[in-house]
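*Asks:* could you work out the structure for the sequence below:
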Amino acid sequence: MVEQEIQKAAGIRIGLAVLLLVILITAGGFIYHFYLEPSWSIIESIYFAAITLTTIGYGDLVPTHDVSRIFTVAYALVGVGIVLYILSVMGSYYIRKFHRMEKAFVEDIRQFEKKKEKI
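*Replies:* Next up is the predicted model:
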């Protein structure tokens with residue numbers, strides 16, 4: 001019972017983390033497109049926001065105005081930290097899931113060994 005509640009809470013945390021990531025990238029894309037770099041399409045703006053937050057930085061799009069450059073610095077400083085937090089939430093969920101699977105596997109092997117000894 002407690003394990004199921006922990007699983008449910010972890011699933012909610014991951015869902016919220018992914019939602020936060022989508023909001024962060026979409027909001028950044030809209031700010032670039034409508035306020036800072038109107039010559040970029042909405043797709044290019046969202047692409048630039050995602051590339052910036054993941055620290056990939058291909059260099060195919062670059063801010064052309066001082067205000068957009070300053071915003072990009074602030075956006076990256078705040079956003080990269082948030083993305084790292086989101087990745088840590090997701091990573092810890094899957095590590096816990098792997099450990100539970102490992103425990104169940106070891107228990108199954110023990111049960112198999114006990115049955116094998118009886119034969």
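*Asks:* next helix or strand past whichever strand or helix holds I12?
*Replies:* Assigned by DSSP states H and E, I12 falls within helix 2-31. Later in the chain than helix 2-31, the nearest helix or strand by DSSP H and E is helix 42-53.
*Asks:* name the residues of that following helix that are buried.
*Replies:* Within helix 42-53, the residues that qualify as buried are 44-53, counting by 16 or more other Cβ atoms under 10 Å. C-beta here means a position set from N, CA and C on the backbone, and glycine is covered the same way.
*Asks:* circling back: what is the mean pLDDT for the helix holding I12?
*Replies:* For helix 2-31, the per-residue pLDDT values average out at 88.
*Asks:* what of stretch 73-91?
*Replies:* 92.
*Asks:* show residues contacting it.
*Replies:* Defining contact as Cβ atoms under 8 Å, 6 or more residues apart in numbering, one finds that stretch 73-91 is touched by 13-14, 17-18, 20-21, 24, 28, 49, 52-55.
*Asks:* which two of the buried residues of helix 42-53 have the greatest separation?
*Replies:* Farthest-apart pair in the buried residues of helix 42-53 is E44 and L53; separation 15.1 Å (Cβ to Cβ).
*Asks:* circling back: quick one, the helix holding I12 and helix 42-53 angle?
*Replies:* 120 degrees (axes from the mean of the first three to the mean of the last three Cα atoms, to 10 degrees).
*Asks:* and helix 2-31, what does it pack onto?
*Replies:* When contacts are defined as 3 or more Cβ pairs under 8 Å, 6 or more residues apart in numbering; DSSP states H and E, helix 2-31 packs onto helix 42-53, helix 66-118.
*Asks:* what about the first one, distance to the chain center?
*Replies:* Its chain's average C-alpha position is 15 Å from that of helix 42-53, according to Cα atoms, centre = their mean, to the nearest Å.
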